[in-house]
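# coords please:
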Amino acid sequence: MNVAAFGEPTGQSWSQLGDFAIAFGLSALIGLEREIKQKAAGIRTYTVVGVGAALFMLVSKYGFTDVLQEGKVVLDPSRVAAQIVSGLGFIGGGIIFVKRDVVRGLTTAASIWLTAAVGAAAAGGLPILAVTGTAAYFVAILGLPVFSRAVARLVGTDRPVLQVTYLDRRGMLREVLEAITHAGFSVARITTTHRGQPQDRPPVADDEPPAPDRSVAVEVLLDGRGNLDALATVVNEIAGVLSVHVGGEQED
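Numbers count the residues shown, from 1 in each chain. Reported below is the predicted structural model:
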């Protein structure tokens, strides 16, 4: 390893390249999981975030050794690394958004934040922590939902209820039911209520027929092991849907 003044390494040896490769591989692995699930950010975004965090970490540790002067210039490797967390704010802010009370992108933003931490740990010479952080990610994303569903069945948690309000148009209920089926649920009970047209109705597209002056509120009791958040998101995207809410079964 090349050594600069005061015994500081240059940071451009095979050791640092190995740290960089670990950051690349682990970040790509996390991104692959998001890519398979067709999330907003995929393997390319996650890999770039992890590699970028690793590069910042290496620059922070080794990029200023040539300006060190004993008694005058002191190196603080944590200063640049600390800004990685702050710098990721603009990415998270661009991913998280709310539409009709449905929040999207929280998990993606959080996983990007974790990916940056994994990259920084790998570049900081902490490969065991980097691998452990990646493993913890997959346990949280893949294992905890299975565990929570098992606990819900064990304690007898009430079945979920999907409440949807949409403009009264032909075929709307069929689209909602198709979305429920594709999400892995079955319908245990369904009730509908016709209402007057809400004041905050969204504008109708130019190629859509005029909407009637009323809406329909549908309450669907669900069975199955699907993803409720994903179902709410899909239903919320159906043209003509005014609101979506997921709750528990109400007692009589």
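# Tell me, how many residues neighbour the nearest residue to residue 52 once chain neighbours are set aside?
Leaving aside its chain neighbours, residue 52 sits nearest to residue 119 (7.2 Å; criterion: CB to CB, 6 or more residues apart in numbering). Backbone N, C-alpha and C define where each C-beta goes, glycine included. Residue neighbour count, defined by other CB atoms under 10 Å, stands at 32 for residue 119.
# can I assume residue 119 sits in a strand?
No. Looking at residue 119 with DSSP: H, G, I helix; E, B strand; the rest coil, it is helix, so not inside a strand.
# doesn't residue 51 make contact with it?
Yes. Between residue 119 and residue 51 there is a contact under CB atoms under 8 Å: 6.4 Å.
# Parallel or antiparallel, list what pairs with the host helix or strand of residue 222.
Using DSSP states H and E, residue 222 sits in strand 214-224. Sheet pairing of strand 214-224 (DSSP bridges) gives strand 160-167 (antiparallel), strand 185-196 (antiparallel).
# mind listing what's buried in it?
Neighbour-count burial for strand 214-224 flags 215-216, 218-222 (criterion: 16 or more other CB atoms under 10 Å).
# any low-confidence regions in the stretch 101-250 of the chain?
The stretch 101-250 of the chain contains residues with pLDDT under 70 at 101-104, 149, 152-153, 155-158, 196-213, 248-250.
# go again using 80 as the cut-off
101-107, 144-159, 184, 194-214, 223-230, 247-250 (pLDDT under 80).
# those helices in it, which residues are they?
106-123, 127-138, 144-155, 172-182, 228-236 (DSSP state H, counting those that start in this stretch).
# measure residue 144 to residue 107 for me?
Taking CB to CB, to the nearest Å as the measure, residue 144 and residue 107 are separated by 11 Å.
# Also residue 13?
Distance, residue 13 to residue 107, by CB to CB: 37 Å.
# Between the two, tell me which one has more neighbours.
Higher neighbour count among residue 13 and residue 107: residue 107, with 16 against 13, using other CB under 10 Å.
# That's all I had, so thanks and see you.
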